[in-house]
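**Q** Attaching a predicted model along with its sequence, questions to come.
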Amino acid sequence: MKPIIILGIESSCDDTSAAVISDSILLSNVIANQQVHSSFGGVVPELASRAHQQNIVPVVGEALRRAHIDRHDLDAVAFTRGPGLIGSLLVGTSFAKGLAQSLNIPLIDVNHLQGHVLAHFISEGKAGEHFPKFPFLCLLVSGGNSQIIAVHDFDKMEIIGQTIDDAAGEAFDKCAKVMNLPYPGGPHIDKLARSGNPKKFAFAKPNIKGYNYSFSGLKTSFLYFLRDNILENNDFIAQNINDLCASLQATVVSILMEKLVLASQRLQINEIALAGGVAANSALRNAFAHYAEKYRWNIFIPPLAYTTDNAAMIAMAGYFKYLRGNFCSLTEVPYARVAI
Ligand code: KG4
């Protein structure tokens, strides 16, 4: 039987990405990052949508070329409909609509958060691959999200806990900024933390009921701690940068893991997955490995290319919707905010 070939398009924030999937096997995944934001210390929405406009045609062309797929062989076009920056989403949405209409094939809208979760089912066609079984818990941590998602089926997901203020990646980035580290600061903190003492400094941890998170208190505690110490020693940050990064990182990871352990124990779910850009964090990955042993979890951490924003996960989610005949009309519009 001819495989189902889906083109996925992702443009929710500052990465323009296109991917081709044949059944659940990934044929290509092209990502164009936008360097234009680095000097601003954060993503500038207007610049992001302009860069998407420049990138979308070459990125899609390259994804088809690497997959050795002619556009006429596509069965459907899947695109990120939201949540995300509306100007960025409009570029991917408009392109997907135009392509699907010109090829007379179905259009599939994908929730970006569901895409992150379903990235765990991407196959590279290698032997020994294993995928989570339902129900599983997915910790989704990125620059915009910190959520625990209970995944009951491909199209049945429930956010059981989420941040009430900043996301974990945002906390890393904001704390990095006060230490004058480049944007995005998360990877820099991770790198510097490797030669630091995670127990050197203690920062405030939130006390919130249930599975929800909060990171704004930690950010403020970190800021005040630096301010007070700089008053005594102007070089405090430079002299303690490794220990500061290690202690901050250990605090973020322990906040994330405490709620995940609670959810796993109360819901009796031992299949635990990690998604989102912060999944690259080495301390978080180590904590996953540690808890897997301690609590007999089956853990799932996809390759880094599928944890950050990418179109492979959108194509994958699109494939499951295709199988269920769940298409979207050309009149649908993107949404900046939406639940899962
Ligand atoms: O999913 P993602 O690529 O896109 C957004 O949601 O924006 O995640 C980006 C986030 C940023 O906050 C970045 O600092 C963080 O992921 N990040 C990390 C690491 N790599 C990326 N945070 C901590 N440690 C890392 N190694």
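**A** Good, I have the coordinates.
**Q** per-residue pLDDT, the residue of the chain most remote from its centre?
**A** Taking CA atoms, centre = their mean, the residue of the chain most remote from its mean C-alpha position is Glu232, at 39.1 Å. Glu232 carries a pLDDT value of 97.
**Q** so how far is Leu99 from it?
**A** 60 Å (CB to CB, to the nearest Å). (C-beta placed from N, C-alpha, C; glycine too.)
**Q** which bits of the stretch 1-150 of the chain sit near the ligand?
**A** Counting by CB under 6 Å from any ligand atom, the residues of the stretch 1-150 of the chain lying close to the ligand are Cys13, Ser142, Gly143, Gly144.
**Q** give me that answer again for 5 Å
**A** For the stretch 1-150 of the chain, the residues in contact with the ligand (CB under 5 Å from any ligand atom) are Ser142, Gly143, Gly144.
**Q** How about the last one: what's its closest non-neighbour residue?
**A** So that's Gly144. Ala167 (5.4 Å; CB to CB, 6 or more residues apart in numbering).
**Q** can you tell me which residues contact that neighbour?
**A** Residues counted as contacts of Ala167 (CB atoms under 8 Å, 6 or more residues apart in numbering) are Val141, Ser142, Gly143, Gly144, Asn145, Ser146, Phe215.
**Q** Verify the stated contact: the first one with Ala279.
**A** The one in question is Val141. Yes. In terms of CB atoms under 8 Å, Val141 counts as a neighbour of Ala279; the distance is 6.6 Å.
**Q** higher neighbour count, the two?
**A** Val141 (31 against 24; other CB atoms under 10 Å).
**Q** for that one, what are its contacts?
**A** Neighbours of Val141 in contact, by CB under 8 Å, 6+ apart: Gln147, Ala167, Ala168, Gly169, Leu256, Leu274, Ala275, Gly276, Gly277, Val278, Ala279, Leu284.
**Q** what about 7 Å?
**A** Val141 is in contact with Ala168, Gly169, Leu256, Gly276, Val278, Ala279, counting by CB atoms under 7 Å, 6 or more residues apart in numbering.
**Q** Checking my notes, the fifth one in a strand, right?
**A** I take that to be Val278. No. Counting by DSSP: H, G, I helix; E, B strand; the rest coil, Val278 is not part of a strand but helix.
**Q** hang on, isn't it packed against Pro184?
**A** No. Between Val278 and Pro184 no contact is recorded; they are 10.2 Å apart, counting by CB atoms under 7 Å.
**Q** tell me the least confident of the residues of the stretch 1-150 of the chain next to the ligand?
**A** Gly144 (87).
**Q** tell me the phi and psi of that one?
**A** Phi and psi for Gly144, reported as degrees, to the nearest 10, are phi -120, psi -10.
**Q** Offset the numbering so it begins at 3, please.
**A** Yep, numbering from 3; the last one is Gly146 now.
**Q** Can you tell me how far it is from Val180?
**A** 20 Å.
**Q** residue contacts, the residue nearest to the spatial centre of the chain?
**A** Residue closest to the average C-alpha location in the chain (CA atoms, centre = their mean): Gly278, at 2.4 Å. Gly278 sits next to His118, Leu142, Val143, Ser144, Asn147, Thr309 when contact means CB under 7 Å, 6+ apart.
**Q** what's across from the nearest residue to the first one once chain neighbours are set aside in the sheet?
**A** It stands for His118. Excluding the flanking residues, the one nearest His118 by CB to CB, 6+ apart is Ala277, at 4.2 Å. Bridge pairing for Ala277 (DSSP bridges) gives the partners Leu142.
**Q** tell me the pLDDT at Ala277?
**A** For Ala277, the model assigns a pLDDT of 97.
**Q** Do I have it right that it meets Leu139?
**A** No. Taking contacts as CB under 7 Å, Ala277 lies outside contact range of Leu139: 10.9 Å.
**Q** Between the two, which has more neighbouring residues?
**A** Ala277 (28 against 23).
**Q** buried set for stretch 40-56?
**A** Buried residues in stretch 40-56, counted by 16 or more other CB atoms under 10 Å: Val45, Val46, Pro47, Ala50, Ser51, Arg52, Ala53, His54, Gln55.
**Q** Lovely, talk soon.
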